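Engineer: A predicted structure for the sequence below; I have some questions about it.
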Amino acid sequence: MPTSMPCPSIRIPVELLTQSSFSQFGTVIENPAHSTLPPSQRLPLPDVVSANQGSALKFIDVTHLSNLYNLAPSKKPARAVMNMFVCAPRELRPHEPSESMPSSWGDIDFDEDTDGNDDRQLFDVQILERHPFTTQTFIPMGLSQADRHTQYLVIVAPTLPTAASRRNIDRPPPYPTPKIKKSKSIKDIFAKARPSPFTNEAAPPPSQFSRLHPSQRPKGPGLPDLKNLRAFVATGNQAVTYGAGTWHAPMAVVGDRPIDFVVVQFANGVGIEDCQEVALTPDKNAEEGLVVTVDSDASGKVLVKAGIGSVKARL
């Protein structure tokens, strides 16, 4: 049974999934030619070369896979695994006025009148999970970018510092963390001296994690930062990689039909090291808990209400 965590009443708007807006949580994989952003807001293109006798373009390093299982308490090695998730559309509940706090990521009135052609529904976020020692890539299959009737939500949260996690559940974080080796050899002690007696280096060597993208570095044992939870809408031409240890909701499909996802990650078969979950329980004085507000137009396309693309969505 997952650890439970009290949560406030917050309504979260939907943002457009772009690499710049998602960068602290992971990476977005998409063909740059299909980007809906104006050229001025696009990130530099990844390296690209000609391939397949000139019939294809090969984009280099579009996402980064991390295997941090050497930090796991069991020290059991992991292997690369590829699974398929067939994700059915989620049930949304009808919109109703609420006194929930607006999310810090969308300065809008959730109870304002919508356009007569728009439909507003609510998705309750009841659980978050993370994979502390591995990235996890979700690749949708059989879904077109032009499909307006089926999309998916990517719901993520930063990680709280350990001390803040203790305040939220009144006890230390519930999940195992690597044990710190306190006893050090004479060689280890002298190795920290500068200049080093072994190499004459004036500066300490860089951390093994300094070469990793910030989203892929170890997050520590903290619980999710619920007040900064964010929700993004993705189209069929976008895949997403959650950085190692990124708190996220299980994949949430919105629309008419299921989406098949190929999921690539590492795993070592130790349950608590492969996946950790937190059930979200509304505070005793909370009206509803964490809720993503899903607005859609007459065709069923989810509308963007915060961040990049929000103005365009309202035109």
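Structural biologist: Done, it's in.
Engineer: hey, let's count contacts and neighbours off CA atoms from now on
Structural biologist: Will do.
Engineer: do I have it right that Val240 meets Phe22?
Structural biologist: No. In terms of CA atoms under 8 Å, Val240 does not count as a neighbour of Phe22; the distance is 9.5 Å.
Engineer: name the residues contacting each of these two.
Structural biologist: Residues touching both Val240 and Phe22 (CA atoms under 8 Å, 6 or more residues apart in numbering): Val28.
Engineer: would Val154 count as being in a strand?
Structural biologist: Yes. The assignment for Val154, made by DSSP: H, G, I helix; E, B strand; the rest coil, places it in a strand.
Engineer: give me the residue ranges of this structure where confidence is low.
Structural biologist: For the chain, applying pLDDT under 70 flags the ranges 39-41, 104-117, 164-185, 187-194, 196-200, 202-212, 309-315.
Engineer: which parts of stretch 46-64 are buried?
Structural biologist: By neighbour count, and taking 16 or more other CA atoms under 10 Å as the criterion, the buried residues in stretch 46-64 are 59, 64.
Engineer: ok now that stretch, how far from the chain's centre?
Structural biologist: Chain-centre distance of stretch 46-64: 26 Å, with CA atoms, centre = their mean, to the nearest Å.
Engineer: first-to-last residue distance for that stretch?
Structural biologist: 13 Å (CA to CA, to the nearest Å).
Engineer: show residues contacting that stretch.
Structural biologist: Residues lying outside stretch 46-64 but in contact with it, judged by CA under 8 Å, 6+ apart, are 27-29, 241.
Engineer: out of those residues, which is nearest to Pro89?
Structural biologist: Within the contacts of stretch 46-64, the smallest distance to Pro89 is 20.6 Å, found for Thr241 (CA to CA).
Engineer: PyMOL command to pick out the buried ones of the contacts of stretch 46-64?
Structural biologist: Isolation of the buried members of the contacts of stretch 46-64 (16+ other CA under 10 Å) is achieved in PyMOL through the command below:
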select buried, resi 27+28+29+241
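Engineer: Thr3 touches Thr281, doesn't it?
Structural biologist: No. Between Thr3 and Thr281 there is no contact under CA under 8 Å: 10.2 Å.
Engineer: higher neighbour count, these two?
Structural biologist: The residue with more neighbours, out of Thr3 and Thr281, is Thr281; 18 against 14, by other CA atoms under 10 Å.
Engineer: helix or strand for the more buried one, which one?
Structural biologist: Element membership of Thr281, judged by DSSP states H and E, is strand 276-282.
Engineer: who are the packing partners of that strand?
Structural biologist: Other elements packing on strand 276-282 under the criterion 3 or more CA pairs under 8 Å, 6 or more residues apart in numbering; DSSP states H and E are strand 3-7, strand 127-130.
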